[in-house]
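**Q** let's see this in three dimensions:
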Amino acid sequence: MKITECSVVEDTKVKIQFDDGKILTFEDCWLRDNCRCPVCYDANLVERLAHIVNFPDVRVKNIQNLQTRISVTWTDNHVSTYDASFLSQFDFKIWEQSRRLSPVLWKGSEVVSKVARVEVDKFLNTEEGTKEIFQSLLDYGLAFVENVTPTIEATEVVCNALGGVMHTNMYGGMWTISTNLTEHSDTAYTNLALKQHTDNSYFSEPAGLQIFHCIEHNDGTGGESIFMDGFYGAKKLKEEHPKDFEFLSNFQLDAEYIEDGHHFRLLAPVLKVNKFGDVVHLRFNSYDRTPMAFADGEECRSYYRSLKNLAQYFEDPQNQFVIKLQPGTVVAIDNFRVLHGRAAFTGKRILCGSYVRRDDWTDKARVLKLIK
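**A** Below you'll find the predicted structure:
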């Protein structure tokens, strides 16, 4: 890419035209802040060296077009150069859209033929296999790694490859789930059915991924896992009950978890929406809601109406993907998006798994150049 023209306009802006016809205008303060010279920027550390508190009040003294880059001399005689390829990235609309995720919404069992199912050796040892799993998580919030040895140790290897085991002072790192209420005071540690929910609604930083591996189910039936695309449910709510969508995007719901030695609590909206109106984070767990005080009767009734309307999409069997997890199959779900539940069961059933922080799994996705 080359620069065909560059000039100072209105004293404080630099206008640049590229050989593809694109024209971008940069404020002089932006250019100075993004100077890539060794005094201002360390290319090896990929970090700025100049601190904002020392940001100089300067103007462009001279600008020179070197075709593949421009050279700017400032009024304090500092000289900066900018490559055309660097500057062309900052067309605002393109830059903004490039950082917007594009989840593929799904309904019920239609996701079966789309979601990735990758052999463990391929996932762990090839870039192709790794990309398949992470792209599936980005697109559908769901991915399966198959032929994993049904042990907690083998499952941990997969969890680490997905971004690393998330440690908490309550759950630890790797965990097992069985009908043992002495481990945690939680419905998950029973054989009862579980309605659709996300985990950690009482954490300020909930798990990014939830990993499940059924390593044993003997002498019993049931226990099917049920998954649902929460973003699809939120979309339906927005279309059919826009006032409820608006309410759940703004109202701070109180959630908590209490057991001996622990008390977690958080106020947060059920739906986190970005500037485009996209839902980027869903917190929904009917079990963890606390009794709340309301400003007035209208707010109270809006709370119950909107939660019920949203939950109806989550509990509609047509919207759910049901699967019986077998030893050897590890499933990873995006806990910011995909809800999970469980059918009641009999017999001895043991699941193992872990959480993975969102920052850690999206870090892997960026290294694979799947997102920016």
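**Q** in this protein, what helix or strand scores lowest on average pLDDT?
**A** Lowest on mean pLDDT, DSSP states H and E among the helices and strands of the chain sits strand 175-177, with a mean of 87.
**Q** which strands and helices sit next to that one?
**A** Other elements packing on strand 175-177 under the criterion 3 or more CB pairs under 8 Å, 6 or more residues apart in numbering; DSSP states H and E are strand 348-356. Quick note: C-beta positions are derived from backbone N, CA and C, even for glycine.
**Q** let's see that with 10 Å instead.
**A** For strand 175-177, the packing partners by 3 or more CB pairs under 10 Å, 6 or more residues apart in numbering; DSSP states H and E come out as helix 152-161, strand 209-218, strand 348-356.
**Q** my guess is residue 343 contacts residue 220. True?
**A** No. Under the criterion of CB atoms under 10 Å, residue 343 is not in contact with residue 220, lying 11.5 Å apart.
**Q** of those two, which one has the most company?
**A** Ranked by neighbour count (other CB atoms under 10 Å), residue 343 and residue 220 place residue 343 first, with 16 against 12.
**Q** which one is the more buried one nearest to, not counting chain neighbours?
**A** Of all residues not flanking residue 343 in the chain, residue 224 sits nearest, at 4.4 Å (CB to CB, 6 or more residues apart in numbering).
**Q** residue 230 now?
**A** Nearest residue to residue 230, sequence neighbours excluded (CB to CB, 6+ apart): residue 282, at 4.2 Å.
**Q** what's opposite the one you found in the beta bridge?
**A** Bridge pairing for residue 282 (DSSP bridges) gives the partners residue 271.
**Q** OK, contacts around it?
**A** Applying CB atoms under 10 Å, 6 or more residues apart in numbering, we find residue 282 in contact with 198, 201, 206, 229-231, 233-234, 248, 269-272, 310, 314, 334-339.
**Q** helices along the stretch 251-372 of the chain, start to end?
**A** 297-314, 358-367 (DSSP state H, counting those that start in this stretch).
**Q** in a markdown table: those, plus distance to residue 145 and mean pLDDT.
**A** Formatted as a markdown table, the helices of the stretch 251-372 of the chain follow (distance: least, CB to CB, whole Å; pLDDT from 0 to 100):
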| stretch | distance to residue 145 | mean pLDDT |
| --- | --- | --- |
| helix 297-314 | 26 | 98 |
| helix 358-367 | 13 | 98 |
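**Q** can you tell me how far residue 91 is from residue 111?
**A** Distance, residue 91 to residue 111, by CB to CB, to the nearest Å: 35 Å.
**Q** doesn't residue 332 make contact with residue 227?
**A** No. Assessed by CB under 10 Å, residue 227 is found out of contact with residue 332, at 11.1 Å.
**Q** okay, and the common contacts of these two?
**A** Joint contacts of residue 227 and residue 332 (CB under 10 Å, 6+ apart) are 141, 142, 338.
**Q** which residue is the nearest non-sequential neighbour of the first one?
**A** Going back to what we said before, that points to residue 141. residue 334 (3.5 Å).
**Q** the one you found: neighbour count?
**A** Neighbour number of residue 334 under other CB under 10 Å is 26.
**Q** so who does it touch?
**A** Contacts of residue 334 (CB under 10 Å, 6+ apart): 103, 136-138, 140-143, 198, 207-210, 229-231, 281-282, 358, 361.
**Q** so what's it bridging to?
**A** The partner residues for residue 334, given DSSP bridges, come to residue 209.
**Q** what's the pLDDT at it?
**A** For residue 334, the model assigns a pLDDT of 98.
**Q** how about residue 207?
**A** 97.
**Q** give me the element it is part of.
**A** Using DSSP states H and E, residue 207 maps to neither a helix nor a strand.
**Q** is it true that it touches residue 166?
**A** Yes. With contacts counted by CB under 10 Å, residue 207 reaches residue 166, the gap being 5.9 Å.
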